[in-house]
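Colleague: Here is my input, please return the structure:
(chains A and B)
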Amino acid sequence: MDRRDFLTAHTAKKSKSISFASTAQTSSGLNPYTGVWTTNEVIHLLKRTMFGAKKADVDFFSAMTVTQAVNYLLNVTTAQTQPTPPLKNYANSVTVTDLDTNVAQGQTWVNTNTADGTVNANRLYSFKNWWLGQMINQERNILEKLTLFWSNHFSTETNTVSDAIWSYQTNAVIRANALGNFKTFVKAITLDVGMLRYLNGYANYAAAPDENYGRELQELFTVGKGANNATPPYAETDVKAAARLLTGWQINSTTNTSYFTASRHDTTSKQFSSFYNNTLIAGRTGATAGDLELNDLLTMIFATNDIAMNICRKLYRWFVYYTIDATTEANVITPLAQVFISSNFDIKTVLSTLFKSEHFFDVQNQGCIIKSPIDNIVSVCREFNVQFPVATDYVGNYNCFQSLNTLAIAQNQNIGDPPNVAGWPPYYQEPQYHEIWINSDTFPKRNQFTDQMLGNGYTRNSANIKIDVIAFAKTLPNPGDPNFLISDSIKYLLRLPLIQSSMDQLKKDIILSGQITDSYWTTAWQTYLANPADTTNANIVKTRLTSLYQYLLKLPEFQLS
Amino acid sequence: MKRRDFLRNTAIATILPTVINGFSVKAFAASSPLMQLLGQAALTDHVLVIVQLSGGNDGLNTVIPIDVYTDYYNARTNIAIPQNKILGLTGTTGLHPAMTGMKALFDDGKLGVVQAVGYPNPSFSHFRATDIWMSASDSNQVLTSGWGGRYLNYEYPNFPVGYPNSQMTDPLGIQIGSTTSLVFQGPAVSTGMSISNPTSFYNLLNGVEDPAPNTQAGKELSYVRLIAKQTSQYATVVTNAAAKVTQQAVYPTNNSLADQLKIVARLVKGGLKTKLYMVNYGSFDTHVAQTNTSDTTTGTHANLLKNVSDAIKAFQDDLKFLGVEERVVGMTFSEFGRRIKSNSSVGTDHGAAAPLFLFGTNVIPAVLGNSPTIPTSATVNDNIPMQYDFRSVYASLLENWLCVKNADLQQILLQNFQSLNIVNGSGCKIVNPSTSGNSYLDIWGNPFTTTTRLVYKTDGGHVLIQIFDTMGRLINIPVDADLAAGTYSVVFEGSALHTGIYYARLQNGATQQVKAMIKVK
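Modeller: Residues are numbered from 1 along each chain as shown, chains lettered A, B, ... in the order given. Predicted coordinates:
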């Protein structure tokens, strides 16, 4: 479909103005999607649930039905949630107090404590590079996209946590629970050492309750700020009550586990507000007090309607689009929240319903997400099948991941270190939301990134990554035909079509070097294929393909997913 | 600031270098006394416009040899232009009858012709030949940067780091109507303005854009486009420059080259400091139906040439109207000329050397070089032997028009090339080379069977004699030496050659001669 068709196909839903603020949303709901399942829909599903839609993955899922594809993407085994932990890729320093000699090069450091700041800093780099590597090398499932989602939802900052092992553990908790039961997840994250450190739970005791976690648990992690983001539905007394309830938890820095100290716990009963139906949670004593009261607290919170609504809105803003108008609230969010509740808060069930829905595949909802920096960077690497050093060269790989993390940080997304407990502003900040990612500083950086990947690439300590345009073109169905070369490239890389005259212009100006005879390209391509070792022939096709992809990746369209 | 000016000024005011070395020059405002001092040796305001004629223009039907008209006619009877229709430039050379505009420019002293421009061992592939012309490489050499990019990198080191800045607020190079080509590719990054849509440049100037769909995706697309436009480092300066010019001379309609040149004139007048512009027109790939059979002065090629001629004439008139005529020189190029002998489908196949045009008030309004050598009975393998290396044209424009120091030319062109008398160098304080040199080449023993003697005379300096075959392949270099003035000779050993026509090319300073020599059994 070209853009003109695209425009006219939706005149019924179209409002008169095309100004930013008045785009009509769709009335489609959660009924199962029964429309076509073409490359376009496969790419839509993959770009939203994975990092980019790699040609091989598109082919793989095209052989399935929608239902099979979504099931496959959501079927993550326990083993898959437990990847090999981050490895020691850093050299021992002679200037530090702890030489870290107990961990050999290439072994994981996550089980070996350190008290040294330099070693910890090296480990944090290792952790973030390892995490980015998980995304680059992701399997055909939703785990990595979802891990990033939950790390934004249950936001912690490695800078504040200050212990690489704890930050790794938080990440492991997220992976283990990403598709599981949300209530179990919230309990696990509440008692996670990294979270106890980040929101001061470890310092919360009866004599001087620290309200930090008690507040964020309700405001951000579960109930939310309410539909209008203005007045929280719960009362300020609920924050205080929750804080008292959560007293007594501490961190064992030797075993890197949390534990409950009864003597630090507030044993009095906790009275909650009318929002929680005036629930009174009985104060407990003894070693099990903290656990029992936490269970009661979660039961009370999960009995509200708001928690499911809040989580469904957040999932929607991450996977579908950031604007939730009254129609979407009624037709999608509300019934999806009911699915969440009736499944006893099973995350997989709610995602399955969303991804199989007609709303998810509605044309209105395709191509409208502005890629986050991480999504942009990782997708480029995956979609162009960028070759990283061999897996055994963990040092080289981590160096490459470091190059990419540095780029993402410069574009305002530092995995493991969102700006604060609310996560990255593009997922909550009205009215711009995702648009916040793109500004006068970050947009040129995105262009520089793709330009450089198409040129010399990035080199760090001799490990280099770059795009091989010829290898990419070879994966396309018919790269020798300049028309298919361009239209297929656009199909896989852009979520919006270009009008025919633009494609014709690209063909003439770039692929045919100003000529109008298609066979010139075909001949050049075949000449190259016949003797790939001939650098002159290779250069002829390479320079033209490079120009084509430089052009396509710099189009504003490329920023959309 | 240009590195060259920096060095120039440090020689005058010896106290400055330590001051300047200690600070980022970028930190100084253009109006600061220091910058004004440095700016004394101001950058030339000269602009070079490169007109690419894509597809391989048939030079022989563009610049038509009157002095060897019979050989010309016999080689291509089905497409030859009748002698009485040729627009005479000189007694020996004329233009295609559709090129009345460029004929008028020539008569007005604003058009120069360089005959038989090419390079040894020509490529007959569009892609490869285009890359050679754009990168200024040897035939067997692959360069990944363009000659314009190397020039701009020399003029503005380290681009894009620190650009735009107070000294160079504008794009270094602009390509109209297309993505930036290899010409603008510098050693590291492209020095050309990258245009995010093939039509967006026009749109940028006129404030319109392709519609975004009325979906959420369209909304986000509009947003990203807005940011892209806001932050395109040069969008604002380009748009502002265009906005300053509200009236221009009349251009022909339905002529995309004219459309592009009109924008160039607008931006030059609008005050952009951009040095290089590139426009593109084609396709000149006239394998079939190059002319109408009923009237060879009409048809595809005539239409193409008419558009080129009309566009350049209108552009030149507009530059005069806008008062910037003195600042602009243009050159045309095509990746190759076409075969001497026409084919049976009333067209011509890929060839070798071809004439190129230079236009502007500062070009030397003459036909440089001789009419191409055409065999009395041309065969399908006969190509026009090169008289001038295309890189000599680049070198001469860089030195005499863009004021690149002779000593620095080699950084840009990677070799030394002959300087040609094609553009007035007074703006760069350069005395043009004389064309009335005493170079002289004669062949003693022609036709020959095994060896022949090449007798040549020089005023002194570097002398080069090359032997080419009819495919333009470089067969031999009998002489490549710095010689004192005098007459010399050298024996050319040709016993291993096949029989046929060969060309001996003498180059000495700004002059050269090409002579045919025939090997027989």
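
Colleague: Next, count neighbours for the residue of the stretch 401-521 of chain B found nearest chain A.
Modeller: Scanning the stretch 401-521 of chain B for the residue nearest chain A gives residue B:473, at 16.4 Å (criterion: CB to the nearest CB). The C-beta positions use only the backbone N, C-alpha and C, and glycine is treated the same way. For residue B:473, the tally of surrounding residues (other CB atoms under 10 Å in any protein chain shown) stands at 14.

Colleague: Roughly how far does it sit from residue B:431?
Modeller: As for residue B:473, its distance to residue B:431 is 36 Å (criterion: CB to CB, to the nearest Å).

Colleague: Over to residue A:134?
Modeller: Here the criterion is CB to CB. By it, residue A:134 lies 68 Å from residue B:431.

Colleague: Tell me which of these two has more neighbours.
Modeller: Neighbour totals were compared for residue A:134 and residue B:431, and residue A:134 leads with 21 against 8 (other CB under 10 Å).

Colleague: Tell me, how many residues neighbour whichever residue of chain A sits closest to chain B?
Modeller: At 2.8 Å from chain B, residue A:514 is the closest residue in chain A, using CB to the nearest CB. Residue A:514: 23 surrounding residues under other CB under 10 Å.

Colleague: got it, and the one 10 residues further on?
Modeller: Neighbours of residue A:524 under the rule other CB under 10 Å: 23.

Colleague: Any regions of the stretch 151-300 of chain A where pLDDT drops low?
Modeller: Within the stretch 151-300 of chain A, the stretches falling below the threshold (pLDDT under 70) are A:227-230.

Colleague: For it, which segments are assigned as helices?
Modeller: All helices of the stretch 151-300 of chain A, identified by DSSP state H, counting those that start in this stretch, fall at A:158-161, A:164-177, A:182-190, A:193-198, A:212-216, A:236-245, A:289-302.

Colleague: Test my guess that residue B:365 contacts residue B:113.
Modeller: No - distance between residue B:365 and residue B:113: 9.1 Å, which falls outside the contact criterion (CB atoms under 8 Å).

Colleague: Compare those two (neighbour count), which wins?
Modeller: The neighbour comparison of residue B:365 against residue B:113 (other CB under 10 Å) goes to residue B:113, with 25 against 19.

Colleague: quick one, what contacts the more buried one?
Modeller: B:63, B:89, B:93, B:106, B:355, B:356, B:357, B:358, B:366, B:367, B:368 (CB atoms under 8 Å, 6 or more residues apart in numbering or on different chains).

Colleague: Next step: those residues restricted to helices.
Modeller: Secondary structure assignment by DSSP state H places residue B:106 of those in helices.

Colleague: How is the chain partitioned into domains?
Modeller: Assuming you mean chain A. Domain assignment of chain A by automatic domain parsing yields the ranges A:3-74+A:309-365, A:199-298, A:373-412+A:431-467, A:470-559.

Colleague: think we crossed wires, I meant chain B
Modeller: What the record gives for chain B is the domain set B:3-38, B:47-196+B:232-428, B:440-519, from automatic domain parsing.

Colleague: deepest of those, which one?
Modeller: Sort those by mean neighbour count, taking mean count of other CB atoms under 10 Å in any protein chain shown, and domain B:47-196+B:232-428 sits at the top with a mean of 21.

Colleague: List the contacts of the residue nearest to residue A:278 when sequence neighbours are not counted.
Modeller: Using CB to CB, 6 or more residues apart in numbering or on different chains and skipping residues adjacent in sequence, the residue nearest residue A:278 is residue A:272, 6.7 Å away. Shown here is residue A:272, whose contacts under the criterion CB under 8 Å, 6+ apart are A:237, A:238, A:241, A:278, A:279, A:280, A:281, A:300.

Colleague: Can you turn the buried subset of those residues into a selection I can paste into PyMOL?
Modeller: In PyMOL, selecting the buried portion of the contacts of residue A:272, with burial taken from 16 or more other CB atoms under 10 Å in any protein chain shown, looks like this:
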select buried, chain A and resi 238+241+279+281+300
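
Colleague: Pass me the low-pLDDT residue ranges in chain A, would you?
Modeller: Under the criterion of pLDDT under 70, the regions of chain A flagged as low confidence span A:1-25, A:95-96, A:227-230.

Colleague: which residue packs closest to the residue sitting furthest away from the middle of it, ignoring adjacent ones?
Modeller: The C-alpha centroid of chain A is most remote from residue A:517, which lies 44.1 Å away (CA atoms, centre = their mean). The spatially closest residue to residue A:517, leaving aside those adjacent along the chain, is residue B:285, at 6.3 Å (CB to CB, 6+ apart).

Colleague: surely the one you found meets residue A:515?
Modeller: Yes - under the criterion of CB under 8 Å, residue B:285 is in contact with residue A:515, at a separation of 5.8 Å.

Colleague: Please enumerate the shared neighbours of those two.
Modeller: Between them, residue B:285 and residue A:515 share these contacting residues under CB under 8 Å, 6+ apart: B:54, B:55, B:126.

Colleague: Show me how far stretch B:222-237 is from its chain's centre.
Modeller: Average the C-alpha atoms of stretch B:222-237, do the same for its chain, and the two points are 32 Å apart (CA atoms, centre = their mean, to the nearest Å).

Colleague: wait, stretch A:55-69
Modeller: Here stretch A:55-69 is found 21 Å from its chain centre; the criterion is CA atoms, centre = their mean.

Colleague: okay, now residue A:559: neighbour count?
Modeller: Summarising burial for residue A:559: neighbours were counted as other CB under 10 Å, giving 29.

Colleague: Only alpha carbons, please: show stretch B:255-273 as PDB.
Modeller: As requested, C-alpha coordinates have been extracted for stretch B:255-273 and formatted as PDB (Å, rounded to 0.1, in the frame of the first residue of the first chain):
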ATOM      1  CA  ASN B 255      13.400  21.600 -17.700                       C
ATOM      2  CA  SER B 256      14.600  19.900 -14.500                       C
ATOM      3  CA  LEU B 257      18.200  21.200 -15.000                       C
ATOM      4  CA  ALA B 258      16.800  24.700 -15.200                       C
ATOM      5  CA  ASP B 259      14.800  24.100 -12.000                       C
ATOM      6  CA  GLN B 260      18.000  23.000 -10.200                       C
ATOM      7  CA  LEU B 261      20.200  25.800 -11.500                       C
ATOM      8  CA  LYS B 262      17.500  28.300 -10.500                       C
ATOM      9  CA  ILE B 263      17.900  27.100  -6.900                       C
ATOM     10  CA  VAL B 264      21.700  27.400  -7.100                       C
ATOM     11  CA  ALA B 265      21.400  31.000  -8.300                       C
ATOM     12  CA  ARG B 266      19.000  31.800  -5.600                       C
ATOM     13  CA  LEU B 267      21.300  30.400  -2.900                       C
ATOM     14  CA  VAL B 268      24.400  32.100  -4.300                       C
ATOM     15  CA  LYS B 269      22.600  35.400  -4.400                       C
ATOM     16  CA  GLY B 270      21.000  34.700  -1.000                       C
ATOM     17  CA  GLY B 271      24.500  34.800   0.500                       C
ATOM     18  CA  LEU B 272      25.500  31.200   1.200                       C
ATOM     19  CA  LYS B 273      29.200  30.700   1.400                       C
END
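
Colleague: Please consider this matter closed, and thank you.
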